[in-house]
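A.B. asks: 3D, please:
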Amino acid sequence: MGINKFRAAVFGAVILLPACSFSEDALWPSLTGEEPAGAASSETSGQQVAQATASQPAAVPAPGQPVLGSGSFQPTGVTPGQSTGTFVGKKVIELRSELSRLQKSISDQNAALQNLRASIVHDSQMYHGSVAVINTRLQVGTTPGNPILVQQYNSARANLEKISFDTGELTKLAGDVAGASTLSAFLSESVRAAFSVSGAIDEDHVQLAILEDEVNRTVVLIERLLKELADDVRRQTNYVATERSNLNLLSAGIKGGEIFGASLANQAVISAAGGSIYQGPARATDTTDRRPLVVIRFDRPDVPYQQALYAAVSRVLERRPNAVFDLVAVSPIAGGPARVALNSNKAQRYAEGVLRALVEMGLPPSRVAVSGKSSAASKNNEVHLYLR
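C.D. replies: All right, here's what the predicted structure looks like:
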């Protein structure tokens, strides 16, 4: 890890990170109430293309939208035949009629799938358009709680909920297709069984062979449809969960009038690359002789610590996605017992505010243990964040 420098005119002091394998030479700011420098810019992944149907032009999702399946599952139809007058011939007509109804059902389900995909792409483009406008405005700076950005945020959230609703419709559609799959398996077994029925003529077996091929092709078509549906549902479900977390952080940015970046929870998952990340509740530990990752000094009202706090925690999670933190409210020992108690209560409230900020940034509360202590070296109420 390189050295992050902050000008002395902006920050009163710097604090060395606690010694660890990836940050021995890193410097982080001691937050004294001055404006933090720098802003993390939100990132979006590469653009991907999803084709709604084989005959339609490709629909291009917005950057960050996961790819949707591109298959069009239109059955080829059923070959007509003539009645032979035999029992098996009548059975062939019956099975052919069942296959026609099944294929009609699959055709309708395919049309529903393409409509849902087109709707998801449209809502995704609208969603990312709103988010881009918000991030652009936050990046250049704006007023806290800007009502224009609040309106854009509400629009983005509404479009994300539409994507979530359409994902639920995909799940229902998968259930309907699963029912069709059961029927196709029954038809396949019935056609095979018809070959062994006595009293058939050669023409009956010819028609049965054609019907068997068409049933088998329909079975394969349904299996492919189910697979694409399962992939679409999985990707969209994960996407909506990720974007909801990012929206929470975007909301915090609008409140403060400054940009952050991707949710800390999402960063941890990405950095873990599929590995396990810490899930259990954090318990407070002794921080004696440990160097804090960040020190926030509340020496005046409305200390703007959020940006530097986000940068510090985000940098840690890039290297240690399973990191756990200790958040300590530090109060000065000055004056009589009443003054000490008052300072302790204030420091605790400051620590609760920092914890809320971390949660809004996407860090799970189970990853932070909160405690308090008094210090003769502190002149103001402080909040220390330690990397465990």
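A.B. asks: secondary structure class for residue 321?
C.D. replies: At residue 321 the chain is in coil, as set by DSSP: H, G, I helix; E, B strand; the rest coil.
A.B. asks: Report how many residues lie close to it.
C.D. replies: Using other C-beta atoms under 10 Å as the criterion, residue 321 is surrounded by 20 other residues. Any C-beta I mention is one placed from the backbone N, CA and C, and that applies to glycine too.
A.B. asks: now do residue 227
C.D. replies: By other C-beta under 10 Å, 12 other residues sit near residue 227.
A.B. asks: Give me the helices and strands touching the strand or helix carrying it, please.
C.D. replies: Residue 227 is located in helix 202-256, with elements delineated by DSSP states H and E. If you count contacts as 3 or more C-beta pairs under 8 Å, 6 or more residues apart in numbering; DSSP states H and E, helix 202-256 packs onto helix 87-140, helix 147-194, helix 264-272, helix 337-360.
A.B. asks: ok, residues contacting the last one?
C.D. replies: So the one you mean is helix 337-360. 248-249, 251-252, 264, 296, 298, 305-306, 309, 313, 325, 327-334, 365, 368, 370, 372, 374, 381-383, 385 (C-beta atoms under 8 Å, 6 or more residues apart in numbering).
A.B. asks: Work out the gap between it and the centre of the chain.
C.D. replies: The chain centre lies 32 Å from the centre of helix 337-360; the measure is C-alpha atoms, centre = their mean, to the nearest Å.
A.B. asks: Can you name the element that comes right after that helix?
C.D. replies: strand 368-375.
A.B. asks: Show me which residues of that following strand are buried.
C.D. replies: 368, 369, 370, 371, 372 (16 or more other C-beta atoms under 10 Å).
A.B. asks: Quick check: the fourth one touching residue 284?
C.D. replies: If I follow you right, that is residue 371. Yes. Using C-beta atoms under 8 Å as the test, residue 371 is close enough to residue 284 to be in contact (3.9 Å).
A.B. asks: any common contacting residues for the two?
C.D. replies: The contact lists of residue 371 and residue 284 share residue 326, where a contact means C-beta under 8 Å, 6+ apart.
A.B. asks: shouldn't residue 299 be in contact with residue 380?
C.D. replies: Yes. Under the criterion of C-beta under 8 Å, residue 299 makes contact with residue 380 at 4.5 Å.
A.B. asks: So for these two, which residue has more residues nearby?
C.D. replies: Shown here are residue 299 and residue 380; by other C-beta under 10 Å, residue 380 has more neighbours (18 against 15).
A.B. asks: State the three-state secondary structure for that one.
C.D. replies: Look at residue 380: counting by three-state DSSP, its state is coil.
A.B. asks: Starting from residue 330, give me the distance back to it.
C.D. replies: Computed with C-beta to C-beta, to the nearest Å, the distance linking residue 380 and residue 330 is 9 Å.
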